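Undergrad: No sequence on hand, only this structure:
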């Protein structure tokens, strides 16, 4: 009898389970993931947080790519020696180079944010469908742009698509083409998820500080160009150009303003853009970073972009795409703008031997810079003109110049005029060789994950 | 009633009294006394008044009544013989004191009270201890029989026997008095226990801690010292700092890495038995960190300390015992009624032994110059002449060493009133560490234990409270990175200092010197109710509640910091508070089964803990404000409270067959709030078997070699939740008002959580032999094999995880810990008055990391560097083998490279032994310890092209045997930028930590030598003391080793040095 009673007691103790007993209150300063993705208002804040995170610090997408990729090629230079820049300026990067860790780590932090959002939205099911698809699309877009730069700077990189660090900590490098495929798939999906208009912000819908379907498409166009998929690049560029939402600015001065009609995506700074601070002269006449002599001499006479973006102060040309260092922020950090789409389409058309239409696009861009249209010419000449145009448009801007040079070098045709031009351009750096087109994986990363294999040449 | 008897010579008339005493004097020599209707006591008092020098127990004679008695004689003896004729008392004249001592005479007592102690199988229990109130304790003979010679009709006794539950029993004269003892299943013969037990001749705490001196230290240090002689439990000091608590490493759970935050996952759990179980807070009482080094526990209050390791032994303790338990049992009421006051005083001299060689200024500059030269960089020179004669930056002798002093006072008392018994104690201790700056540790403690016994119910209440303060300078072994070459230099407090631009004084090349103060308050309470409702059923309920509060502050006293309002220049405050509640019901029931008995146990535990943290800057100017803030709402705290809850249930059965073969099986279920609901609950089980090959021999036959042999084996799983709170939890953090994006509030995801985090599971196998040889030698041989299936260790996460640069986080690894250990202890009677004791413990572990995250191929103890990291740092030789570089060509590296060949990357073996010689009044004890392990040697590096604050870039010049990392110059004064070739960078580019190289180190330490005298009792009595013990003590006198990097026994070779101490002390018992 007693044994029976004991058996019942035993059963009770073991069957009631302790799960309920050990439920604890969570710290009040944090919000549970499930709760966040059960409410539209909270879920929307996660995406705002992802953008804000980029703008809350100097990082690849906010100043550093402009600076370091610019120093690495014939774009910008600096006179005073700095430990944090010298490896880039002199093309003597080593895996232990301190600044490299920022280049590598920051995009992965934004990727983590995006992955958190994607997991949250997909598991939730409680959000309104329109908001869920919008946030998912934005996260996919932001993740894609991070991977785009990682792949271009480091080559193969680990493709992390989840938040579990026990999995991501020991992921090896993924093949570039796989990552590109993922980028394309994500952008294609984002285009269907995102609205054509800009997601509403409380400050006013006029702002283009969050991704819409056109920004995804614009990035897809760029990715296609980088992958030498000319038709896709041209088609997507055309779609964006014909969307009717965007117009080229007539004055270069207004391109980087918060209300610029040319902008596809610009991130709102917390105070001022990183570039405006970085390129401002801390002492009269002596800015830390200067345009290279090659860049200054590359401009045609009368190019409004030179006079607007490279004004002379005390006899020295200063990089002033972003100028504002006081007052309420009126310049936002532009990630994508319409000019690029014209030039993407032009390059794709040229590669597809449609010289006439390409020239028309180039001339459209030239016209807005106060330059005369170029006369019709052969394909190779127009190609070089395009490269020249890209340099004039995208100097000191998100590493466009460095990535262009690298891209053109990858042409299979050794007689490709752009390839020859790019090789020549990079020879201004005595330590440069083809292997230096990829930066080394930071030593600390290989130390923390020995499945990462260093790039050749380092 | 008044009676008056008139006598011829002298009449005494006492009115108002029940007696009348008549004295007759028949002649000049002969005296006569008549006593009527009084007690024997009163009669004796009267005699005393008449000039009898009598010494007697005051209480006993009160109980004997005199109806009418006349005594007469010439001498006092004659008369006393007549007086005591009818009473059970005798007397004898003491020549020494010229008095007559009266004592109870057993011959005249009545029939003794007899009895027998048996167990539930009616087997006599030989050796059972019987403790009556005032009489001497006796032991039951081989038939379990015993007798008490007493004048009483009945007697209340306590009966204790190892392996059986203690009992209280009323014995009555004339009855059979059969005392049946119930087996105590808490003490399982299946397992091996290590530690301090009562009755153990060598290591009884009563002997080793209390009686024989050495009580100068707090319980913390004493237990550390005692346990360090054990096999199976390794006690190591992180550094020589007096306030740094030792690290306890239960063998078989070797740390894969040594990060402070993750030590808990493999440390043994400490608990105070009898106060509250399963309380992580307890560990802080015995095992403290740098600053909260007080303990509220005095060793005088400790009854036993024991360590449990194997799966079966720790199973009742659940998750918190997964890595072993160190169980401390505190004292309860004893029969000693008189208050006991113990005073301990120690005064000594300390000096530095294993002093770490620091690089002096000249040599540093020489190295720096060489580094620049090698990197073909121009050198900006320092003006060396400014340093004058202060260029030697080694530890000034003045900092370490000097007079050390300890004072301790402990007052305890126990009493018994009917069914109520209690033990109370209060203690105070003050220690001054031998450092140049003021560094004092003070603590006050009060402990109370009250027992109430009512038939089948026993209620025990214990309260332990204390508060303490510690003031200890903190010497940061880093040259300041804020060093400016043109700053003035002077000496302060024996340290060479300079000032930075803010006027803060800093030591340029030596050690940064700051002051830490900490204080804390603890209150722990426990209630234990035992109920024995039926013959075979025992129920118990434990309720525990504890609250601990800690307050820390740090400052750089030599800095010209603005003084706070209270005049103290404290720059940083922090405080933490923990509140814990535990409830734990338990039931035992047994049934006869076969030739033995089957005991079933069932229990459960629930624990809830809240931890508050408060960090503040210099806005707090005094302790009181910080304390008070805790009493406000939790929302006031900058960090929100962390909640921890644990629930466990336990079912065990023990089958004991003829007290010879024991089989044990346990199943338990644990749940913890540290896991998601999906993974929170887990089930563990264990089995154990032990067999007494040779039962304990009580005949003391000298011809026998083996007196007792026991074989035992256990196996099972346990689990630990010793990991961070909320690790499983995916959460988002709201941004502040100025981080809005597009006018919208933001949320940021918290990184590095693992939704799939699970219990750390350990598979444990343990087998051993315990035996007693030649009646005096205890020998234990033990083999353990533990497999940590997913031990969590702290490693640096790669940036691809999105958790930022260099974030340390947990990842699971599989580790196998196995080893063999043996211990021998004996106490031999060498001559009639000379005893010798020998203890020897030896452990040889084999540990292996079976699988780990990609970044951890293999690991090295004492470092967060993986072997691979180290190898990478060391570089490869021409044959692509890893090799260390011999930077200065002195050949030392070769030796270090040999050390790396050690496959286990582990302590290879260690041993400890103690020898003692004891005479009746004096003794000599010597304790030695040896260790053979890989140990790091500090090295000095100089960097060129180093980015401030990082070592990752630049050329490294490395010199052995010198100081630590050079943090690079402040940005205002940068090293010139150079572009070293990749070849030059090779040595430096993977360097992530302080400069160390690895050596295999063998050392022998003379840990302690004690020479003790017990002063003659005559002397003691002059100051009304019960005993005085004087001792001469030497500690850490020498470490014999070829190792040059400081003291090799320390975990952290860069820590503060160990100081040797010699002094004289006295323990006085009142």
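TA: Sure thing, it's come through. As the structure is a prediction and not an experimental result, all values here were calculated from the model.
Undergrad: What are the boundaries of the helices in chain B?
TA: Per DSSP state H, chain B has helices spanning B:40-49, B:76-83, B:205, B:219-227, B:283-286, B:311-314, B:361-374, B:623-630, B:867-874, B:892-900, B:982-985, B:1017-1022. These are given in chain order.
Undergrad: who touches whichever residue of the stretch 251-400 of chain A sits closest to chain B in this structure?
TA: Nearest to chain B in the stretch 251-400 of chain A, going by CB to the nearest CB, is residue A:268, at a distance of 5.8 Å. Placement of C-beta: from N, CA and C, glycine included. With contacts taken as CB atoms under 8 Å, 6 or more residues apart in numbering or on different chains, residue A:268 has the following neighbours: A:51, A:55, A:207, A:209, A:258, A:329, A:332-333, B:741-742.
Undergrad: Which residues of the stretch 301-450 of chain A lie near chain B?
TA: Within the stretch 301-450 of chain A, the positions near chain B by CB under 8 Å from any CB of the partner chain are A:442-445, A:447-450.
Undergrad: List only buried entries from those.
TA: Buried residues within these, counting neighbours by 16 or more other CB atoms under 10 Å in any protein chain shown: A:442-445, A:447-450.
Undergrad: Would you pull up the residue in the stretch 1-150 of chain A closest to chain B?
TA: Counting by CB to the nearest CB, the stretch 1-150 of chain A gets nearest to chain B through residue A:112 (2.5 Å).
Undergrad: Identify the residues contacting the closest residue in space to that residue that isn't next to it in sequence.
TA: In space, residue A:112 comes closest to residue B:802 once its chain neighbours are excluded; the distance is 2.5 Å by CB to CB, 6 or more residues apart in numbering or on different chains. Contacts here follow CB under 8 Å, 6+ apart; on that basis residue B:802 touches A:108-109, A:111-113, A:115, A:160, A:163, A:165, A:168, B:751.
Undergrad: What of residue B:1008?
TA: Taking CB under 8 Å, 6+ apart as the definition of contact, the neighbours of residue B:1008 are B:225, B:925-927, B:1033-1036.
Undergrad: what sits opposite it in the beta ladder?
TA: Taking DSSP bridges as the rule, residue B:1008 bridges to residue B:927, residue B:1035.
Undergrad: And it, how close does it get to residue B:1067?
TA: 16 Å (CB to CB, to the nearest Å).
Undergrad: do residue A:381 as well
TA: Residue A:381 is 102 Å from residue B:1067, where distance means CB to CB.
Undergrad: got it, and residue B:827?
TA: Remark: distance between residue B:827 and residue B:1067 (CB to CB) = 22 Å.
Undergrad: what's the answer for residue B:799, then?
TA: Between residue B:799 and residue B:1067 the computed distance is 59 Å (CB to CB).
Undergrad: sorry, back to before: looking at residue B:827 and residue B:1067, which is more packed in?
TA: Summary of the neighbour comparison: residue B:827 and residue B:1067, criterion other CB atoms under 10 Å in any protein chain shown, with residue B:1067 having more neighbours (25 against 17).
Undergrad: what number of residues lie near the spatially closest residue to the more buried one that is not a sequence neighbour?
TA: Counting by CB to CB, 6+ apart, the nearest residue to residue B:1067 once its immediate chain neighbours are dropped is residue B:1029, at 4.4 Å. By the measure other CB under 10 Å, the count of residues near residue B:1029 is 23.
Undergrad: Look up the residues forming beta bridges with residue B:1029.
TA: Here residue B:1029 shows beta-bridge partners residue B:1014, residue B:1067, assigned using DSSP bridges.
Undergrad: so what's residue B:912 bridging to?
TA: Using DSSP bridges, the beta-bridge partners of residue B:912 come out as residue B:841, residue B:929.
Undergrad: separation between it and residue B:770?
TA: As for residue B:912, its distance to residue B:770 is 19 Å (criterion: CB to CB).
Undergrad: More neighbours: those two, which one.
TA: Set side by side, residue B:912 and residue B:770 give different neighbour counts by other CB under 10 Å, the larger being at residue B:912 (23 against 20).
Undergrad: check contacts around that one.
TA: Residue B:912 sits next to B:228-229, B:839-841, B:927-930, B:1007 when contact means CB under 8 Å, 6+ apart.
Undergrad: How many residues are close by residue A:224?
TA: Other residues lying near residue A:224 total 23 when counted by other CB under 10 Å.
Undergrad: would you list every one of the helices in the stretch 151-300 of chain A?
TA: Counting by DSSP state H, counting those that start in this stretch, the stretch 151-300 of chain A has helices at residues A:165-168, A:176-193, A:213-226, A:230-241, A:274-278, A:293-298.
Undergrad: Against chain A, how distant is the residue lying closest to residue B:542 once chain neighbours are set aside?
TA: Nearest in space to residue B:542, with sequence neighbours left out and distances taken as CB to CB, 6+ apart, is residue B:584 at 4.3 Å. From residue B:584 across to chain A, the span is 12 Å (CB to the nearest CB, to the nearest Å).
Undergrad: what does residue B:326 give?
TA: Counting by CB to the nearest CB, the gap from residue B:326 to chain A is 25 Å.
Undergrad: Which pLDDT does the model give that residue?
TA: Residue B:326 is assigned 74 on the pLDDT scale.
Undergrad: Now do stretch A:125-138: everything it contacts.
TA: Among residues not part of stretch A:125-138, those counted as contacts by CB under 8 Å, 6+ apart are A:37-40, A:43-44, A:46-47, A:50, A:117-118, A:121-122, A:124, A:189-195, A:199, A:210-211, A:213, A:216.
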